[in-house]
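In: sharing a model prediction with you, sequence too.
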Amino acid sequence: MSYPSGIPSGASPEPPEAGSPAYPPGSPYPQPNVLGDHPVPGQQRNRNVLLATLIVVVMAVAGLAVFWRILSGADAGGLGWVILLAFIPVPIIVLLYLLLDRYEPEPAKYIMFAFAWGAFIATLMALWINTEAGRLLGESAAGGSRAAVFVAPPVEEFAKGAVILLLALIRRKEFDGIIDGLVYAGMVGIGFAFTENILYYSRIYTQLAEEGGSDKGLQGALVLFVLRGLMSPFAHPLFTSFTAIGIGIAVRHRNTAVRYLAPIVGYLAAVFAHALWNGVASWAGAAGFLGTYLVLMVPIFIGLVIFALVMRARESQMIASRLYDYVRFGWLTAPEVPLIASLRGRKALRQNAKRYGAGPASAAKAFQHTATELAYLRDKIVRQVIGPEALPVEKKLLDELRARRPSVPFPPMPVFRPPQPAMGLPPGQSGYSPGPAGYQGPPGGYGPYPPSQFPPSQ
């Protein structure tokens, strides 16, 4: 339950009046405070530095191991071309995934961690296990059809999905559901595909260069680039997205069966899609591969894109619904909700704030970020995914929201319809709500909404 305006429950009482005894006669003499297990100032920062250093070292070692494997059988003359071809689709795909996460963008350090995990840790695991499996199956060191179909999919999807599950556990209070899972799936899949493409392009370049020179090697690498870098750059992110959807469903449900079964079902779907793709590429020939690509893989990809956009629209509705709860509690006003819960409203607030300088622009961005975090937290409280331990965090966010509001230059009333939440305002409420105690309304001069702009009451 959220705290209404005024002194929240559990706050310290008023101090005693002047001249009254500080402690009632006969009461035990107060003992001095004893220092508990609180960390020494700077201790947490030092731990974070050590952890970050350890992560960088592990990633560097894994990266060196992967690229040593690539260089050990590669033609050094074509390595620059190979890396360039593998890198070309990376910025475009990364940007598309980041555009999906517009309401509460994931921290850059976790985005980079997921990408590095896919590029180095997951790739190294897959290289070692797939190679050993190929040897046991009597296939070449470069792999074979049986290893590609029956070994690589479960190994690679486990290696990629593990980081999404790890981040969901580490960031369980901030990992909000399917959209967050899809973003991390995109990053780990892009990283994995980047390194794998370097390996494949280098292999074919070296093989053909030995037969017909560097020009022939480059031509072979370009053909493979068209197949992997242009026709199917989303393959690895697409497969891992099934695991991410399962994890995203799990973090939003309280039911124990759903929390355990959803990630497993998602992982199995990822393995099946990956195995189908590899099987067609290995056994169906060029015509069968192209037909499967057009008839099956492209529709699946388009369906996933539509699903992601629908999830983002539902995310907007959820944010609006939970923020209208705080309108009823008096912590927000109704006109502020669409400036947080809709992409057009967020853009309108930020553009208006930029007119007043960098400080107000930063304040508007922070106001939206705090309110969005508050909406996600409220949703978890309502769903009973988290318990009473979330109330201090909720109160902290509410205090931050109230403290930030006076610095935000709000725009005039938006002309667009605000998102329609699942639960609207109470019957009869219109215009501004009273707001917290002492709040005089937002600066910047937007007026109350007309009745037609309000969500329907229920």
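Out: Okay, I see it.
In: quick check: pLDDT value at L100.
Out: Each residue has a pLDDT score; the one for L100 is 88.
In: give me the phi and psi angles of it.
Out: Recorded main-chain torsions at L100 are phi -70, psi -30, according to degrees, to the nearest 10.
In: for it, give me its contacts.
Out: With contact taken as Cβ atoms under 8 Å, 6 or more residues apart in numbering, L100 is in contact with I179, L182, V183, G186, A308, R312. Using the backbone N, CA and C atoms, a C-beta is placed for each residue, glycine as well.
In: what comes up buried for the helix or strand hosting the second one?
Out: Going back to what we said before, that points to L182. Element membership of L182 [criterion: DSSP states H and E] is helix 178-212. Going by neighbour count (16 or more other Cβ atoms under 10 Å), the buried part of helix 178-212 is 178-206, 208-209.
In: look at the closest residue in space to L398 that isn't next to it in sequence and say how many residues are nearby.
Out: The spatially closest residue to L398, leaving aside those adjacent along the chain, is W331, at 5.6 Å (Cβ to Cβ, 6 or more residues apart in numbering). Per other Cβ atoms under 10 Å, the neighbour tally for W331 reads 26.
In: how far away is W331 from F272?
Out: Taking Cβ to Cβ, to the nearest Å as the criterion, W331 is separated from F272 by 47 Å.
In: same check, this time on P335
Out: Per Cβ to Cβ, P335 is found 48 Å from F272.
In: surely V382 meets S321?
Out: No: with contacts defined as Cβ atoms under 8 Å, V382 does not count as touching S321, sitting 9.2 Å away.
In: now do the helices in the stretch 351-458 of the chain.
Out: Secondary structure of the stretch 351-458 of the chain (DSSP state H, counting those that start in this stretch): helices located at 358-383, 391-404.
In: still on that earlier bit, more crowded one of P335 and F272?
Out: P335 (26 against 15).
In: do you know the pLDDT at the more buried one?
Out: Listed pLDDT for P335 reads 89.
In: circling back: comparing V382 and S321, which residue is more hemmed in?
Out: Each of V382 and S321 has its neighbours counted (other Cβ under 10 Å); S321 has more, 22 against 13.
In: any idea which element the more buried one lies in?
Out: Here S321, judged by DSSP H and E, is contained in helix 298-329.
In: now the following helix or strand past that helix: mean pLDDT?
Out: Past helix 298-329, heading to the C-terminal end, the next element that is a helix or strand (DSSP H and E) is helix 338-341. Throughout helix 338-341, pLDDT has a mean value of 92.
In: F301 and F234 touch, don't they?
Out: Yes: here F301 lies in contact with F234, judged by Cβ under 8 Å, at a distance of 5.8 Å.
In: and these two? which has more neighbours close in?
Out: Legend: neighbour count by other Cβ under 10 Å for F301 and F234, higher for F234 (22 against 17).
In: got the buried residues for the helix or strand encompassing V56?
Out: Element membership for V56 (DSSP H and E) is helix 43-72. For helix 43-72, the buried set under the neighbour-count rule, 16+ other Cβ under 10 Å, comprises M59, A62, G63, V66, F67, R69, I70.
In: can you redo the residues you listed as a markdown table with pLDDT and distance to E373?
Out: Below are these laid out as a markdown table (pLDDT from 0 to 100; distance: Cβ to Cβ, whole Å):
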| residue | pLDDT | distance to E373 |
| --- | --- | --- |
| M59 | 92 | 29 |
| A62 | 92 | 33 |
| G63 | 90 | 33 |
| V66 | 89 | 37 |
| F67 | 85 | 39 |
| R69 | 85 | 42 |
| I70 | 82 | 42 |
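In: looking at those residues, which is nearest L218?
Out: Distance from L218 was checked for each of the buried residues of helix 43-72 by Cβ to Cβ. The minimum falls on I70, at 16.9 Å.
In: correct me if wrong: that closest one contacts N197.
Out: No: between I70 and N197 there is no contact under Cβ under 8 Å: 10.8 Å.
In: how about the residue nearest the centre of the chain, nearest residue that isn't a chain neighbour?
Out: Geometric centre of the chain, nearest residue: D180, 3.0 Å, by Cα atoms, centre = their mean. Using Cβ to Cβ, 6+ apart and skipping residues adjacent in sequence, the residue nearest D180 is E106, 6.3 Å away.
In: could you do G359 as well?
Out: Excluding its sequence neighbours, the residue lying closest to G359 (Cβ to Cβ, 6+ apart) is S407, at 7.2 Å.
In: how about the contacts made by the one you found?
Out: Under the contact definition (Cβ under 8 Å, 6+ apart), the residues listed for S407 are G359, P360, A363.
In: dump the residues you listed into TSV; add neighbour count as well.
Out: Conversion of these to TSV gives the following (neighbours: other Cβ atoms under 10 Å):
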residue	neighbour count
G359	10
P360	19
A363	19
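In: ok, so of those residues, who is nearest Y267?
Out: When the contacts of S407 are ranked by distance to Y267 (Cβ to Cβ), A363 comes first, at 42.7 Å.
In: excluding covalently adjacent residues, which one is nearest to that closest one?
Out: When the adjacent residues along the chain are set aside, A363 lies closest to S407, with 3.9 Å between them (Cβ to Cβ, 6+ apart).
In: packing partners for the helix or strand hosting V271?
Out: Following DSSP H and E, the helix or strand that holds V271 is helix 256-283. On a contact count with 3 or more Cβ pairs under 8 Å, 6 or more residues apart in numbering; DSSP states H and E, helix 256-283 meets helix 145-150, helix 152-170, helix 235-251, helix 285-292.
In: mind listing what's buried along the worst-scoring helix or strand of the chain on mean pLDDT?
Out: Comparing helices and strands within the chain by mean pLDDT, DSSP states H and E singles out helix 285-292 as the least confident, with a mean of 80. Neighbour counts over helix 285-292 (16+ other Cβ under 10 Å) mark F289, T292 as buried.
In: how far away from the center of its chain is that helix?
Out: Distance of helix 285-292 from its chain centroid, counting by Cα atoms, centre = their mean, to the nearest Å, is 34 Å.
In: can you list the residues that contact that helix?
Out: Among residues not part of helix 285-292, those counted as contacts by Cβ under 8 Å, 6+ apart are L276, V280, A281, A284.
In: first-to-last residue distance for stretch 164-175?
Out: The straight-line separation of the ends of stretch 164-175 (Cα to Cα, to the nearest Å) is 10 Å.
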